[in-house]
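Asks: Predicted model follows, preceded by the sequence.
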Number of protein chains: 2
Amino acid sequence: MSEAVETPFFKRPRKGLLIVVSGPSGSGKGTVLKQLFAHRKGMFYSVSATTRAPRPGEEDGKQYFFLTHGEFEKKIDEGDMLEHASYCGNYYGTPRSAVEEKRTAGLDVILEIEVQGAMQVKKSCPDCVTVFIAPPSAAELERRLRGRGTEPDDVIRDRLETAKGEIGSADKYEYIVVNDNVESAENIIDSIITAEKSKTSRFVD
Amino acid sequence: MSEAVETPFFKRPRKGLLIVVSGPSGSGKGTVLKQLFAHRKGMFYSVSATTRAPRPGEEDGKQYFFLTHGEFEKKIDEGDMLEHASYCGNYYGTPRSAVEEKRTAGLDVILEIEVQGAMQVKKSCPDCVTVFIAPPSAAELERRLRGRGTEPDDVIRDRLETAKGEIGSADKYEYIVVNDNVESAENIIDSIITAEKSKTSRFVD
């Protein structure tokens, strides 16, 4: 038999996915993602860039890529920011090159980000996968926010309203993961990643 | 706190999925689906309708729904066949009502069918999920077809050509599952079902 026929019918995608995850405070997305990283191989947590000064103990490329205003604006101009925003006079954003490098190495990159940033990424990187993690109900959301027990009532009320506003944007995401149980939510995100890797559109070199 | 706020933000879809699975002889789809049914709950294997006579031991509604030619053609006219074809003077097809009944009951229906039927179902039931199970390579496909050891060379050659033709249609499916390992292929289909249930478009009553 010739060598040629051992050629696979379909080359598995070598490039990793970019998974964009949003969810309001109280959705429990931190815990869910932590569990996912503990159990699933080949994952990378995207590092943001910022112009704010490093705090004691922070390392460049670990908590953030620390850039000057000039460097950051150059990256924006060159199209190397998948998304960016200003906050308290500083830039924050996601460098495309850092994400692409990990994806090319075969890693699946998780980008945890708020709604507006997620929508920017969806535009600048159309093959990304968008996932919204939602708390099961307003009542449960309030219990979770109050459960921390440290915040005054008006702060809770504000967070609750912000969260509800964000939940109104869930329909802009491809997937909604209702987190009423961490293990089940983790399993769903794990399944989304596995399924997306088998999408016909990704079986191209 | 009022009852109202316990209302879930997102109602989980109650309706089951319709998963259309194709794969050539030698893809190993039978074994993969058998394992999936052994491990995953809430699954139903779609039963076809036919006008051919029942064979000894066959029960109506089990191996097939046995219909007269008149009954079958009436169902076609009424749009109650998701797909149908003639073979050796008899009709074979998938009754929509039987599939919908199971889906409404919350079951995920697997429909194992060849390429042309699958494409008909995709048209008549646009919310179905289409999955193509592929052998890893032509060489492995030939080994699997020969492995049965009972068929003459020209029969093997014919099957190989038919299989290759079918594999050329894989890009018409949403997902391609390369079956180089039964456990992994089963896990991918299981993940596809779980992920599809979390698609935002399905979170509607």
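Replies: Thanks, I have the structure now. Quick caveat, the model's predicted, so the values are computed rather than measured. Residues are numbered from 1 along each chain as shown, chains lettered A, B, ... in the order given.
Asks: and residue A:64, bridged to which residues?
Replies: Residues in a beta bridge with residue A:64, per DSSP bridges, are residue A:48, residue A:60.
Asks: Counting neighbours, what do you get for residue A:112?
Replies: 18 (other Cβ atoms under 10 Å in any protein chain shown). Bear in mind the C-beta positions are built from the backbone N, C-alpha and C, glycine included.
Asks: Check residue A:96 too.
Replies: Applying other Cβ under 10 Å, we find 19 other residues in the vicinity of residue A:96.
Asks: Pull up the gap between it and chain B, please.
Replies: In this structure, residue A:96 lies at 25 Å from chain B, with Cβ to the nearest Cβ, to the nearest Å as the measure.
Asks: quick one, phi psi at residue A:66?
Replies: For residue A:66, the backbone dihedrals are phi -90, psi 120 (criterion: degrees, to the nearest 10).
Asks: can you count the residues close to it?
Replies: Residues near residue A:66, counting by other Cβ under 10 Å: 17.
Asks: OK, contacts around it?
Replies: Listed by Cβ atoms under 8 Å, 6 or more residues apart in numbering or on different chains, the contact set of residue A:66 reads A:49-54, A:58, A:60.
Asks: Considering those, which possesses the most neighbours?
Replies: Each of the contacts of residue A:66 was scored by neighbour count (other Cβ under 10 Å); the top score is that of residue A:49, with 22 neighbours.
Asks: Which residue, other than its chain neighbours, is closest to that one?
Replies: Sequence neighbours aside, residue A:65 is the residue nearest to residue A:49 in space, at 4.1 Å (criterion: Cβ to Cβ, 6 or more residues apart in numbering or on different chains).
Asks: neighbours around the closest residue to residue A:73 other than its chain neighbours, how many?
Replies: The shortest distance from residue A:73 to any residue other than its chain neighbours is 7.8 Å, reached at residue A:91 (Cβ to Cβ, 6+ apart). Other residues within reach of residue A:91, judged by other Cβ under 10 Å, total 22.
Asks: Next one: residue A:91 from residue A:51, what distance?
Replies: Using Cβ to Cβ, to the nearest Å, we find residue A:91 at a distance of 5 Å from residue A:51.
Asks: Next, show the common contact partners of these two.
Replies: Among the neighbours of residue A:91, those also in contact with residue A:51 (Cβ under 8 Å, 6+ apart) are A:67, A:69, A:72.
Asks: The closest residue in space to residue A:196 that isn't next to it in sequence: what's it in contact with?
Replies: Counting by Cβ to Cβ, 6+ apart, the nearest residue to residue A:196 once its immediate chain neighbours are dropped is residue A:129, at 5.2 Å. With contacts defined as Cβ under 8 Å, 6+ apart, residue A:129 is in contact with A:17-20, A:174-175, A:192-193, A:196.
Asks: now do residue A:110
Replies: So, once contact is read as Cβ under 8 Å, 6+ apart, residue A:110 ends up touching A:19, A:21, A:33, A:36-37, A:43-46.
Asks: Adding distance to residue A:168, write those residues out as TSV.
Replies: As requested, the contacts of residue A:110 are arranged in TSV below (distance: Cβ to Cβ, whole Å):
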residue	distance to residue A:168
A:19	22
A:21	17
A:33	22
A:36	25
A:37	28
A:43	29
A:44	30
A:45	27
A:46	25
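Asks: Compute the number of surrounding residues for the residue nearest to residue A:49.
Replies: Applying other Cβ under 10 Å, we find 18 other residues in the vicinity of residue A:65.
Asks: Tell me the spacing between it and chain B.
Replies: When residue A:65 is compared with chain B (using Cβ to the nearest Cβ), they lie 32 Å apart.
Asks: So for that residue, what's the pLDDT?
Replies: Here the pLDDT value assigned to residue A:65 is 96.
Asks: now swap in residue A:2 and tell me
Replies: The per-residue pLDDT reported for residue A:2 equals 48.
Asks: do residue A:104 as well
Replies: The per-residue pLDDT reported for residue A:104 equals 96.
Asks: likewise residue A:132?
Replies: According to the per-residue confidence, residue A:132 scores 98 in pLDDT.
Asks: what are the bridge partners for it, then?
Replies: The residues that residue A:132 bridges to, once DSSP bridges is applied, are residue A:22, residue A:176.
Asks: who touches it in this structure?
Replies: For residue A:132, the contacting residues are A:21-23, A:169-170, A:173, A:175-177, B:200, by Cβ under 8 Å, 6+ apart.
Asks: same check, this time on residue A:118
Replies: A:20, A:22, A:83, A:130, A:172-173.
Asks: swap the cut-off to 10 Å and go again
Replies: A:20-22, A:83, A:111-112, A:128, A:130-132, A:169, A:172-173 (Cβ atoms under 10 Å, 6 or more residues apart in numbering or on different chains).
Asks: before we move on, which element is it in?
Replies: Under DSSP states H and E, the secondary-structure element containing residue A:118 is helix A:115-124.
Asks: avg pLDDT for that helix?
Replies: If you average the pLDDT over helix A:115-124, you get 96.
Asks: Flag every buried residue along that helix.
Replies: Within helix A:115-124, the residues scored as buried using 16 or more other Cβ atoms under 10 Å in any protein chain shown are A:115, A:117-122.
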